[in-house]
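J.: compute the structure for the input listed below.
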Amino acid sequence: MGLRDAEFSADFRSQLDLLMRLRRDVRRFREDPVDEAVLSRCLSAFQLAPSVGLSEPWRILRIQSDAARAAALKNFEAANAEALKGYSGERAAKYATLKLSGMQKAPVQLAVYCDDETAQGHGLGAATMPEMRRYSVVTAITPFWLALRAEGLGLGWVSVLDPVQLNRDLNAPDGWQLIGYFCAGHPEVLSDTPELEHQGWESRRADLPLETR
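T.: Down below sits the predicted model:
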C-alpha cells in the first residue's frame, strides 16, 4: 500500500486515543535503566516533526554527569522554594505537597533548547513571528513524548527552573533558549488522569474553549 492509499483502522484510532490519554506528565520514576536502542528510536521522532521553514531548531543536551545533574536539581529546588512564596494559605500548603520533578530518580535527563540563531530554513516564516522556532521545538517534543509512552516509558517536563542559571551550569551556547528540562524513564504507575488532578491542584475543563468569529 502506497502513502496515498494509507488508511487507519478503527482499532488504530482507538489505540491512538488511548496513547494520548496515557501521555501523562510523569514525576515518579523507577530507577531501572532505559534501553539505549529504545531511547534512540524515540529521539528519532524529533526528525519527523514539522518546523517553521524546515529550520529544525531543536538542540538536545543529555545530562549524565553527577555534577550537571546536581546543578540542575539545585536549580529546581531553589526555584521551587521561590515559587512557594507566591502562594499563601491552603494553596501554599497544597503546593508544598506537590511532586513537581522526577530529577532524583529519572535515569534519562535532557535539556531541550531552541537555536534562535540557526541559519537553517533561511528565516522562512520566522521574520514576522520569530517565536515560531520555539513553537517548532515544542511541536517536536510531542511526538517524542508519545513515542516514549508507546515504548512503556514516561516523560516529565520540569518547568520550575531558572533558565539563565541552567544555561550557565550546562555551558549552553549563546543563542540557545531553554524550552524545557525533561526526565524520562519507567513510570512507577500508569494513569489516564493528570497527577495534578489526582492531587487536587486543578481539574480539567469539561468544555473546549472554541469560539466562532
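J.: quick check, central residue of the protein?
T.: Geometric centre of the chain, nearest residue: residue 157, 4.2 Å, by Cα atoms, centre = their mean.
J.: could you say which helix or strand holds that one?
T.: If you go by DSSP states H and E, residue 157 is part of strand 154-158.
J.: after that strand comes which helix or strand?
T.: The helix or strand immediately downstream of strand 154-158 is helix 163-170, counting by DSSP H and E.
J.: compute the inter-axis angle for the strand holding residue 157 and helix 163-170.
T.: Using axes from the mean of the first three to the mean of the last three Cα atoms, to 10 degrees, the inter-axis angle of strand 154-158 relative to helix 163-170 is 120 degrees.
J.: list the helices and strands strand 154-158 packs on?
T.: Strand 154-158 sits against helix 132-150, strand 176-185, with contacts defined as 3 or more Cβ pairs under 8 Å, 6 or more residues apart in numbering; DSSP states H and E. Yep, even glycine has a C-beta here, placed from its N, CA and C like the rest.
J.: list the buried ones in the first one?
T.: Think helix 132-150. For helix 132-150, burial by neighbour count (16 or more other Cβ atoms under 10 Å) applies to 132-134, 136-137, 139-141, 143-150.
J.: need the pLDDT of residue 180.
T.: We note a pLDDT of 96 for residue 180 in this prediction.
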